[in-house]
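A.B. asks: coords please:
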Amino acid sequence: MEILIYIGSFVAGLGLLGLGYCIWLAFSAKRAGLPDAEMKARLQRIVALNMAALGLSALGLMMVVVGIAL
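C.D. replies: Below is the predicted model:
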């Protein structure tokens with residue numbers, strides 16, 4: 001089950017990269033100085049991406065834990 005640990009850490013790393021990308025998108029949206037409606041729409045898309053990245057990271061960590069347990 002050693003392969004599960006490596007795959008899980010790779011998936012968790014992808015999730016962390018996605019979270020970093022969400023942070024970068026949020027800062028760039030803030031710097032753009034958009035009107036409130038456009039800012040809200042952009043941030044809603046970022047939140048959806050953020051939740052997906054968080055889920056991917058959690059899935060990777062679960063894979064690592066299962067790989068260690070087995």
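A.B. asks: longest helix in this structure, please.
C.D. replies: helix 36-69 (DSSP state H).
A.B. asks: now do the buried residues in it.
C.D. replies: Buried residues in helix 36-69, counted by 16 or more other C-beta atoms under 10 Å: Arg42, Leu43, Ile46, Asn50, Ala53, Leu56, Ser57, Gly60, Met63, Val64, Gly67. Just so you know, the C-beta spots here come from the backbone N, C-alpha and C atoms, and that holds for glycine as well.
A.B. asks: tell me which residue lies nearest the centroid of this protein.
C.D. replies: Centroid check for the chain by C-alpha atoms, centre = their mean gives Ala53 as the closest residue, at 2.2 Å.
A.B. asks: ok, for it, nearest residue in space, not its chain neighbours?
C.D. replies: In space, and not counting its chain neighbours, Ala53 is closest to Gly18: 2.9 Å by C-beta to C-beta, 6 or more residues apart in numbering.
A.B. asks: in which helix or strand does that neighbour reside?
C.D. replies: Element membership for Gly18, per DSSP states H and E: helix 2-32.
A.B. asks: got the angle for that helix vs helix 36-69?
C.D. replies: Angle, helix 2-32 to helix 36-69, by axes from the mean of the first three to the mean of the last three C-alpha atoms, to 10 degrees: 160 degrees.
A.B. asks: need the CA coordinates for stretch 42-58. PDB is fine.
C.D. replies: What follows is stretch 42-58, C-alpha atoms only, in PDB (Å, rounded to 0.1, in the frame of the first residue of the first chain):
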ATOM      1  CA  ARG A  42     -15.900  36.700  -9.300                       C
ATOM      2  CA  LEU A  43     -15.600  35.900  -5.600                       C
ATOM      3  CA  GLN A  44     -18.400  33.400  -5.900                       C
ATOM      4  CA  ARG A  45     -16.500  31.500  -8.600                       C
ATOM      5  CA  ILE A  46     -13.300  31.700  -6.500                       C
ATOM      6  CA  VAL A  47     -15.200  30.200  -3.500                       C
ATOM      7  CA  ALA A  48     -16.400  27.300  -5.700                       C
ATOM      8  CA  LEU A  49     -12.900  26.600  -6.800                       C
ATOM      9  CA  ASN A  50     -11.600  27.000  -3.300                       C
ATOM     10  CA  MET A  51     -14.000  24.300  -2.000                       C
ATOM     11  CA  ALA A  52     -13.000  22.000  -4.800                       C
ATOM     12  CA  ALA A  53      -9.300  22.400  -4.000                       C
ATOM     13  CA  LEU A  54     -10.000  21.900  -0.300                       C
ATOM     14  CA  GLY A  55     -11.900  18.700  -1.100                       C
ATOM     15  CA  LEU A  56      -9.100  17.500  -3.200                       C
ATOM     16  CA  SER A  57      -6.600  18.100  -0.500                       C
ATOM     17  CA  ALA A  58      -8.700  16.400   2.100                       C
END
